[in-house]
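> Okay, predicted coordinates and the sequence, questions at the end:
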Amino acid sequence: MTTKEEKKAVLQEKLELLRTVTKSHAVNKASIIVDATKYIQELRQKVEESEQQLAQDDNFPKVTVTTQEKGFLINVFSEQHCPGLLVSVFEAFDDVGLEVLDANVSCTDTFHLEAIGGESQESVDAQTVRQAVLQAIKKCMETAED
């Protein structure tokens, strides 16, 4: 195959993948891209709605993860805390391959953690870290309720 034919085949594969992911029934390129754009907008709206619902729930912990040069700055704040919460969060870091480089913790009346995590081996993104921490907090809170 020539380079032009290879590029066309790769583009066709990517369009088919995009069509599949967005559940588009479109046939031509422009329609597939329009459907994908609408799909992305719908996903963004769902994320915004979910974040608004979470923000309204004061009991739900706030977790922010900021990407830094070599790792992440992770902030966790919760009005509630449970025994073992810090351990659960650190285990979540370990599960996603983060090494804790520095951490400041306060758990007198509320739980507040500010940690710097460096990637040990795997490449991981901020959303994955955030989800792992939220899952660990949820699991700890559910265990404390039992």
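Right, received. Where do you want to start?

> can you pull out the strands in the chain?
62-68, 71-78, 98-106, 111-119 (DSSP state E).

> Measure how buried residue 93 is and give me the count.
21 (other Cβ atoms under 10 Å). In short, each C-beta sits where N, CA and C put it, glycine included.

> is it true that it touches residue 118?
No: the pair residue 93 / residue 118 is not scored as a contact, 10.0 Å apart, by Cβ atoms under 8 Å.

> correct me, but residue 115 touches residue 100?
Yes: using Cβ under 8 Å, residue 115 makes contact with residue 100 at a distance of 5.6 Å.

> thinking again about what came up before, which neighbours do residue 93 and residue 118 share?
The contact sets of residue 93 and residue 118 overlap at residue 99 (Cβ atoms under 8 Å, 6 or more residues apart in numbering).

> how about TSV for the strands of the chain, with distance to residue 35 added?
Putting the strands of the chain into TSV (distance: least, Cβ to Cβ, whole Å) gives the following:
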stretch	distance to residue 35
strand 62-68	30
strand 71-78	34
strand 98-106	36
strand 111-119	35
